[in-house]
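# just coords:
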């Protein structure tokens, strides 16, 4: 494995972990929104969705670049393919769809939060 591919795979792993940490924080905030009915926090979460979207796009782009130019094999190939799938799921969980799904699943009180968000 070339040094360049190895360092890029390590960087990819770091970026995926950073996305995961951000999504973890957002899910904790989503729980607070549901528990407390905090519409303002829900608005802040919704506004921060672009950051997660951008991180996911950058991760996917890097994965495609590594697949096309790096000729990864074995564990590196598996890591790159896994990073593509996991980043997509993290984006869905931490993005606006995650907030909407959590609120809609919580009954009438949480449906009111979604209604207030507009």
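Done, it's in. It should be emphasised that the depicted structure is a prediction, and the values quoted were computed from it without experimental measurement.
# I'd say residue 15 and residue 61 touch.
No: using C-beta atoms under 8 Å as the test, residue 15 is too far from residue 61 to be in contact (10.9 Å). Using the backbone N, CA and C atoms, a C-beta is placed for each residue, glycine as well.
# between those two, which one's more packed in?
Shown here are residue 15 and residue 61; by other C-beta atoms under 10 Å, residue 15 has more neighbours (16 against 10).
# which helices and strands sit right next to the helix or strand the more buried one falls within?
For residue 15, the host element (DSSP states H and E) is helix 3-36. Using 3 or more C-beta pairs under 8 Å, 6 or more residues apart in numbering; DSSP states H and E as the contact test, the elements touching helix 3-36 are helix 39-47, helix 49-69, helix 74-94, helix 96-104, helix 108-117.
# need those in a markdown table with distance to residue 5, can you?
Formatted as a markdown table, the helices and strands packed on helix 3-36 follow (distance: least, C-beta to C-beta, whole Å):
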| stretch | distance to residue 5 |
| --- | --- |
| helix 39-47 | 36 |
| helix 49-69 | 7 |
| helix 74-94 | 7 |
| helix 96-104 | 33 |
| helix 108-117 | 44 |
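# Would you reformat these as CSV and include mean pLDDT and distance to residue 30?
Shown next, in CSV, are the helices and strands packed on helix 3-36 (pLDDT from 0 to 100; distance: least, C-beta to C-beta, whole Å):
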stretch, mean pLDDT, distance to residue 30
helix 39-47, 83, 7
helix 49-69, 94, 12
helix 74-94, 93, 9
helix 96-104, 67, 5
helix 108-117, 56, 10
